[in-house]
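>>> 3D, please:
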Amino acid sequence: MNIENVKTILNSQAGQDLKDYLISKLDELKDIDNLKDLDTPTYMVIEIKAQKKAYRKLKEIFEEITTFSEEPKKPDPRDSFKVE
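Numbering: from 1, shown residues only. As a prediction, this is how the structure comes out:
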């Protein structure tokens with residue numbers, strides 16, 4: 001496999017949609033709502049560690065094949081305690 005060819009495709013305009021999709025799926029691993037509700041703290045810790053490990057591994061793979069910036073996300077208005 002030629003990584004440079006993959007990089008060229010993903011960094012082109014045509015590959016931007018795929019790149020955005022991959023990054024969105026990577027970001028889902030950081031979302032706490034994806035965690036299973038497990039019965040014991042031990043199982044919950046295992047779940048969290050597995051999710052973190054999967055995130056790091058996928059990020060490592062994506063960094064090999066494409067360049068992406070981790071731009072700060074816009075805050076979700078639902079996360080605000082401000083009442084207007």
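
>>> what bits of this protein have low per-residue confidence?
32-36, 68-84 (pLDDT under 70).

>>> make it 50
For the chain, no stretch has pLDDT under 50.

>>> In terms of secondary structure, what does the host helix or strand of K49 contact?
For K49, the element it lies in under DSSP states H and E is helix 41-65. Here helix 41-65 touches helix 3-10, helix 16-28, going by 3 or more Cβ pairs under 8 Å, 6 or more residues apart in numbering; DSSP states H and E. (C-beta placed from N, C-alpha, C; glycine too.)

>>> Count the neighbours of T66 for me.
Number of residues near T66 (other Cβ atoms under 10 Å) recorded here: 20.

>>> do you know which of the helices and strands packed on helix 41-65 lies nearest K57?
Nearest of these to K57, taken as Cβ to Cβ: helix 16-28 at 10.3 Å.

>>> Can I get the closest one as CSV, trimmed to CA atoms?
In CSV, the C-alpha atoms belonging to helix 16-28 read as follows (Å, rounded to 0.1, in the frame of the first residue of the first chain):
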residue,chain,number,x,y,z
GLN,A,16,-12.7,15.9,1.9
ASP,A,17,-16.1,14.3,2.6
LEU,A,18,-14.4,11.0,3.5
LYS,A,19,-11.9,12.8,5.7
ASP,A,20,-14.7,14.7,7.5
TYR,A,21,-16.6,11.4,8.0
LEU,A,22,-13.5,9.7,9.5
ILE,A,23,-12.8,12.6,11.8
SER,A,24,-16.5,12.7,13.0
LYS,A,25,-16.3,9.0,13.8
LEU,A,26,-13.0,9.5,15.6
ASP,A,27,-14.6,12.3,17.6
GLU,A,28,-17.5,10.0,18.6
